[in-house]
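Asks: below is the sequence, then the predicted model.
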Amino acid sequence: MGRLLVVFFLLGAVSAAPRGKRPVPLRDLKARFVRGGKLERSRMGNRPGLWVAGKRHRGLAITVPGRIGFDVDRNFARLTIKVAVLDGASQPARFLVIGDGKTITATPPLFPGAAPIELDVPLHGVILLELRAEGARKARAGWIGGKLYGREGVSLHKYRATAAEFSPQAYPQSFKRKVNNAIDRAVQYLRSQQQSDGTWRSTRAPVGTTALAALAMLKAGVPRTDVGIVGAFKFLRDQTPTRTYDTAVLLMAIEARYFPKGANPKDAIKTLPDDDQLWIQQLASWLVKQQGAGYPPAQRNRYNKVWRYPRGGYDLSCTQYALFGLAAANRCGFATSDVWLPALRFILKAQEQDGPAVEVSRYFRSGRYVRRHVEKGKARGFAYQLDGRPTGSMTSAGLCSLVLCQAALYRTQKYQENYRRRTRTGIRDALAWLEEYYDLSANPFYGTAWLNYYLFNLERVGVLLDQRYLGTRDWYREGCERFFEVQFKNGAFGGVIDTAFALLFMKKATVAPLTQTRK
């Protein structure tokens, strides 16, 4: 039985290709991965060519089932592909072109000796292009030639060699209008649920629910002079801090009342009224005192300086909220330098110590371009409490907590090389976990429980790390599209809390943390 050989002919044609713009040959792109067998080059003149229907071609061959992935670019518009099974094989093969994990096109089974067939494949902003051949084991596949053309008017000279640098496409106006409409309807729903005493009620504590709803409305553009916001803060000012969630969200709401896009200490000191500065100080001081107070006095030590409700040991959700609240207090001029290193020690210990080896993508801005960097890591997640099973919401919470601690400690002498290295690795591996188990229809490994909370945490990850994509997925656009589908006629995304989380997601409400000066 002959070996099964198949071949891709990438001929590089684009409809409405820009005149005068040189295409990027596929041979200039470095393969991100090769899976299924050893990749071999066949060049006419110095090595035998690849024979298809009695004709010889230069190209590449790989074992079937096999696949090869390329980092391409969202400005690439289209390619055409000729595929065929090589002469000498006795088994058929099926070809697929996959973009960012989704099948773009697929062929029926093709038999050896048949003439090549041509596929017309629009790329639609693909980042990871995968060419796959499926068939009998220990067979081989390949492709020949290949060119990638850009969208009309786009120069591709920036994308040669690895095509890892690209200029992200702006979201279309139709999408932005849908986002704004969904936000306006959600705000109207929150208005309809506010009580006469200024509160929002839920099955949970009214202080935290009221602070969260006010925060979401302020981030959505409701002015602080709005009667609903004034009423909410009138109620909140009379409350005594007793719970971590409530106090942390209230600190974020106070900051958003004056600085919806985030404060900096110099402006905050000048802008915040004296009574609000004192209020922030009181709330932040209470949170600082609660660090580690969830444990009985005999069990408290330097390695469990984290937060709970406040009693009952530790949980990562309370800890994340406490850190976000204290970060808001920092931006408003209240220093909390002593809490960050003890919190970091515990969070590093709380992350899974091992996980599957995977590749993780990071995106870095360079002017109007973004460069994608791929490195190897381990998908290591976080659980709600120690020894629990990692979930999407808690892994994103742990990642955010690491980023907040890193930002607060970055320029301090306390943040020694050991902590820097472990924190960078922890951030990379938590991001790898979120990429590996990416899902917007469910909270990974927790079903639909706390789904909007998980999505809000993904927004925090994306903003804190300045990542438009998780892996190759546009998390913000895909998340908004999901919210469009589930929004009720009254504008809600569930109850008050779930609607507030959805609003904060769609507004990209998270504020990047400040780094402290060296001490």
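Replies: Noted; the coordinates are in hand.
Asks: for stretch 86-105, buried residues please.
Replies: By neighbour count with 16 or more other Cβ atoms under 10 Å, stretch 86-105 contains the buried residues 86-87, 89, 91-100, 104. For the C-beta atoms, the positions are set from N, CA and C on the backbone; glycine is no exception.
Asks: what ranges do the helices span in the stretch 51-200 of the chain?
Replies: With helices called from DSSP state H, counting those that start in this stretch, the stretch 51-200 of the chain shows them at 173-193.
Asks: need the strands for it, in chain order.
Replies: Here the stretch 51-200 of the chain has its strands, by DSSP state E, counting those that start in this stretch, at 55-57, 59-64, 66-71, 76-86, 93-99, 102-106, 117-122, 128-135, 139-145, 147-150, 165-166.
Asks: sorry, back to before: TSV for the buried residues of stretch 86-105, including pLDDT and distance to Arg460?
Replies: As requested, those are exported to TSV (pLDDT from 0 to 100; distance: Cβ to Cβ, whole Å):
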residue	pLDDT	distance to Arg460
Leu86	76	50
Asp87	72	55
Ala89	72	52
Gln91	79	50
Pro92	80	49
Ala93	80	45
Arg94	85	42
Phe95	85	40
Leu96	87	35
Val97	87	34
Ile98	87	30
Gly99	84	28
Asp100	79	23
Ile104	89	32
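Asks: closest to Cys318 among the residues you listed?
Replies: Cys318 has its nearest neighbour among the buried residues of stretch 86-105 in Asp100, at 35.5 Å by Cβ to Cβ.
Asks: the closest one: what's it in contact with?
Replies: Residues in contact with Asp100 (Cβ atoms under 8 Å, 6 or more residues apart in numbering) are Val126, Ile127, Leu128, Gly471, Thr472, Arg473.
Asks: just flag the most distant two among the residues you listed.
Replies: Val126 and Gly471 (12.4 Å).
Asks: tell me which of those two has more neighbours.
Replies: Neighbour count, other Cβ atoms under 10 Å: between Val126 and Gly471, Val126 has more, with 24 against 21.
Asks: so for that one, what's the nearest residue that isn't a sequence neighbour?
Replies: Gly99 (3.5 Å; Cβ to Cβ, 6 or more residues apart in numbering).
Asks: same thing with Ala449?
Replies: Asn443 (6.1 Å).
Asks: what is the burial count for the one you found?
Replies: Asn443: 22 neighbours (other Cβ under 10 Å).
Asks: report the contact partners of it.
Replies: Applying Cβ under 8 Å, 6+ apart to Asn443 gives the contacts Thr391, Gly392, Ser393, Ala449, Trp450, Leu451, Tyr453, Tyr454.
Asks: the fourth one: neighbour count?
Replies: Per other Cβ under 10 Å, the neighbour tally for Ala449 reads 11.
Asks: again, but for Arg389
Replies: Neighbours around Arg389, by other Cβ under 10 Å: 11.
Asks: in which helix or strand does it reside?
Replies: Remark: Arg389 resides in no helix or strand, with elements defined by DSSP states H and E.
Asks: quick one: it and Tyr437 touch, right?
Replies: No: assessed by Cβ atoms under 8 Å, Arg389 is found out of contact with Tyr437, at 11.8 Å.
Asks: identify the contacts common to those two.
Replies: The contact lists of Arg389 and Tyr437 share Phe445, where a contact means Cβ under 8 Å, 6+ apart.
Asks: check Gly153 and give its pLDDT.
Replies: For Gly153, the model assigns a pLDDT of 45.
Asks: just to revisit the earlier point, just send the contacts of Asp100 back as TSV, with distance to Arg422 and pLDDT too.
Replies: Shown next, in TSV, are these (distance: Cβ to Cβ, whole Å; pLDDT from 0 to 100):
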residue	distance to Arg422	pLDDT
Val126	35	79
Ile127	29	76
Leu128	29	80
Gly471	23	85
Thr472	28	82
Arg473	27	87
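Asks: phi, psi for Tyr363 please.
Replies: Tyr363 has phi and psi values of phi -120, psi 130 when expressed as degrees, to the nearest 10.
Asks: so who does it touch?
Replies: Tyr363 neighbours (Cβ under 8 Å, 6+ apart): Val370, Arg371, Arg372, His373, Asp466, Gln467, Arg468, Tyr469.
Asks: repeat that for 6 Å
Replies: Val370, Arg372, Gln467 (Cβ atoms under 6 Å, 6 or more residues apart in numbering).
Asks: take these and keep only those in strands.
Replies: In strands, judged by DSSP state E, the following of the contacts of Tyr363 are found: Val370, Arg372.
Asks: lowest-confidence one in the contacts of Tyr363?
Replies: Val370 (76).
Asks: any idea what that one is bridged to?
Replies: Per DSSP bridges, the residues bridged to Val370 are Phe166, Arg365.
Asks: how close does the residue nearest to Val126 sit to Glu435?
Replies: Using Cβ to Cβ, to the nearest Å, one obtains 16 Å as the distance from Gly99 to Glu435.
Asks: residues contacting Met394?
Replies: Counted by Cβ under 6 Å, 6+ apart, Met394 has contacts Leu316, Phe382, Ala383, Tyr384.
Asks: show me which pair in those is furthest apart.
Replies: It's Phe382 and Tyr384 that sit farthest apart of the contacts of Met394, by Cβ to Cβ, at 8.2 Å.
Asks: between those two, point out the one with more neighbours.
Replies: Between Phe382 and Tyr384, counted using other Cβ under 10 Å, the more crowded position is Phe382 (28 against 19).
Asks: give me the nearest residue to the more buried one, chain neighbours excluded.
Replies: Gly398 is the one closest to Phe382 (Cβ to Cβ, 6+ apart), at 3.2 Å.
Asks: re the thing from before, including distance to Thr244, could the strands of the stretch 51-200 of the chain go into JSON lines?
Replies: Converted to JSON lines, the strands of the stretch 51-200 of the chain look like this (distance: least, Cβ to Cβ, whole Å):
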{"stretch": "strand 55-57", "distance to Thr244": "66"}
{"stretch": "strand 59-64", "distance to Thr244": "54"}
{"stretch": "strand 66-71", "distance to Thr244": "42"}
{"stretch": "strand 76-86", "distance to Thr244": "48"}
{"stretch": "strand 93-99", "distance to Thr244": "43"}
{"stretch": "strand 102-106", "distance to Thr244": "41"}
{"stretch": "strand 117-122", "distance to Thr244": "50"}
{"stretch": "strand 128-135", "distance to Thr244": "40"}
{"stretch": "strand 139-145", "distance to Thr244": "56"}
{"stretch": "strand 147-150", "distance to Thr244": "51"}
{"stretch": "strand 165-166", "distance to Thr244": "42"}
